[in-house]
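*Asks:* Sequence first, then the predicted structure:
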Amino acid sequence: MATTGPDTDSGTWANNYTSAEISGDAKHPLSAQDHAVQFPYSIGGRQFFYGQNLLTRSWYTRELLAGGKMGVEKATGFWGHAYKIQFPFTIGGRVFFYGQDQGTKRWFIQELLPDGRMGSETANGSWNNAYGVQFTFTVGGRVFLYGQNLQTAYWFIQELLPNGKMGPETANGRWNNAYAVQFPFTIGDRAFFYGQNQATAYWFIQELLPDGKMGSETANGTWNNAYAVQFPFTIGDRTFLYGQNQATAYWFIQELLPYGKMGSETDNGHWSKAYHIQFPFSIGGEVFYYGLNVKTSSWFIQPFIQRL
């Protein structure tokens, strides 16, 4: 089974997001997730952490250290836009990251360098739509970008090319619902993705095919709760799903099985607060996860542990 261990590090970031900043106004309500983007990435045998404050547009990178410790800042700067959607991908031995501004619909791809510094922009453009959920996946030795517009439920898949360029579209369509939480995972040589509708708590798993096409649904169901933060992680040869409900702070871990099936729950509990940003990372043969409460700027790192 997979469970969690004690904190390996914790702290409070200097950027304090006050309740006034988070509340927004009647026409433009803001959630905590609107104010920060953070993700881990691995390059040159080292693990780093990137973040952007969406209010100030400032960004930074830090190193993540063995034992689940937060390292020192490596680079800082300001983007011209706030990119609510940002995530890394690796292709041809190089690491890049992609971002889209949900207001202007502008997207870009930028290289990330082995010492934690920011490289050059390699591509940019504008989509016809803002895609509130996007991710990359690798299957059959090729890397693809998936996105869904949460207003129209339209989705697309586009190939990403070596040297950080955008390739051709390989598939598109329209789901019956908008899935505000979606992520890919790989078990064996097959790629899948999971999605949950936050209004109905309905979830599904669908296969992603090597030519950038959409495969068949492999599982579906309905949770008791909607989990606004969810991600997959792998320990040894087993893959798990973690989720936290932002209203109750309840969290759970469930196994993901071969052939895109949902396994059994392995652990659950309640944190003292909701963590609006959470992600896993691996370093030194151990798997950790990071959580940030954007309202208080408090963060922590804990290990995931596999118990036989």
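*Replies:* Thanks, I have it. Nothing here was measured: the structure is a model prediction, and the numbers come from that model.
*Asks:* which sections of the chain are below the confidence cut-off?
*Replies:* For the chain, the stretches flagged by pLDDT under 70 are 1-2, 15-35, 306-308.
*Asks:* all helices for it, in order.
*Replies:* With DSSP state H as the definition, the chain shows helices at residue ranges 19-23.
*Asks:* Specify the beta-bridge partners of the residue lying closest to residue 131 once chain neighbours are set aside.
*Replies:* Spatial nearest neighbour of residue 131, chain neighbours left out: residue 147 (3.3 Å); criterion: Cβ to Cβ, 6 or more residues apart in numbering. Just so you know, the C-beta spots here come from the backbone N, C-alpha and C atoms, and that holds for glycine as well. Bridge pairing for residue 147 (DSSP bridges) gives the partners residue 134, residue 156.
*Asks:* Could you verify my assumption that residue 147 touches residue 137?
*Replies:* No - applying Cβ atoms under 8 Å, one finds residue 147 not in contact with residue 137, separated by 11.7 Å.
*Asks:* any idea how far the residue nearest to residue 131 is from residue 128?
*Replies:* Distance, residue 147 to residue 128, by Cβ to Cβ, to the nearest Å: 11 Å.
*Asks:* out of those two, which sits in the busier spot?
*Replies:* A direct count of neighbours by other Cβ atoms under 10 Å for residue 147 and residue 128 places residue 147 higher, at 22 against 9.
*Asks:* ok, the more buried one - contacts?
*Replies:* Each residue near residue 147 by Cβ atoms under 8 Å, 6 or more residues apart in numbering is listed here: 127, 131, 133-134, 155-156, 158.
*Asks:* next one: residue 301
*Replies:* 7-10, 68-70, 288-290.
*Asks:* Turn the buried ones among those into a named ChimeraX selection, would you?
*Replies:* In ChimeraX syntax, the buried subset of the contacts of residue 301 is picked out as below (16 or more other Cβ atoms under 10 Å):
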select :8,9,68,70,288,289,290
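*Asks:* any idea which of the contacts of residue 301 is closest to residue 242?
*Replies:* Checking these against residue 242 with Cβ to Cβ, the nearest one is residue 289 at 7.1 Å.
*Asks:* and the closest one, bridged to which residues?
*Replies:* residue 280, residue 302.
*Asks:* what does residue 229 give?
*Replies:* What pairs with residue 229, by the bridge criterion (DSSP bridges), is residue 244.
*Asks:* Please work out how many residues are found near it.
*Replies:* Residues lying near residue 229 (other Cβ under 10 Å) number 19.
*Asks:* Residue 198 touches residue 180, doesn't it?
*Replies:* Yes - when contacts are counted by Cβ under 8 Å, residue 198 is listed as touching residue 180 (4.7 Å).
*Asks:* what's the overlap in contacts for the two?
*Replies:* residue 228.
*Asks:* Count residues in the vicinity of the residue nearest to residue 242 when sequence neighbours are not counted, would you?
*Replies:* Nearest residue to residue 242, sequence neighbours excluded (Cβ to Cβ, 6+ apart): residue 253, at 5.3 Å. When neighbours are counted by other Cβ under 10 Å, residue 253 registers 19.
*Asks:* what's residue 253 in contact with, if anything?
*Replies:* By Cβ under 8 Å, 6+ apart, residue 253 lies in contact with 2-4, 240-242, 265-268.
*Asks:* For the residues you listed, give me JSON lines that also has distance to residue 142.
*Replies:* Shown next, in JSON lines, are these (distance: Cβ to Cβ, whole Å):
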{"residue": "2", "distance to residue 142": "30"}
{"residue": "3", "distance to residue 142": "35"}
{"residue": "4", "distance to residue 142": "34"}
{"residue": "240", "distance to residue 142": "26"}
{"residue": "241", "distance to residue 142": "25"}
{"residue": "242", "distance to residue 142": "28"}
{"residue": "265", "distance to residue 142": "34"}
{"residue": "266", "distance to residue 142": "32"}
{"residue": "267", "distance to residue 142": "35"}
{"residue": "268", "distance to residue 142": "37"}
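*Asks:* Going by distance to residue 172, which of those wins?
*Replies:* Among those, residue 241 lies closest to residue 172 (Cβ to Cβ), at 26.5 Å.
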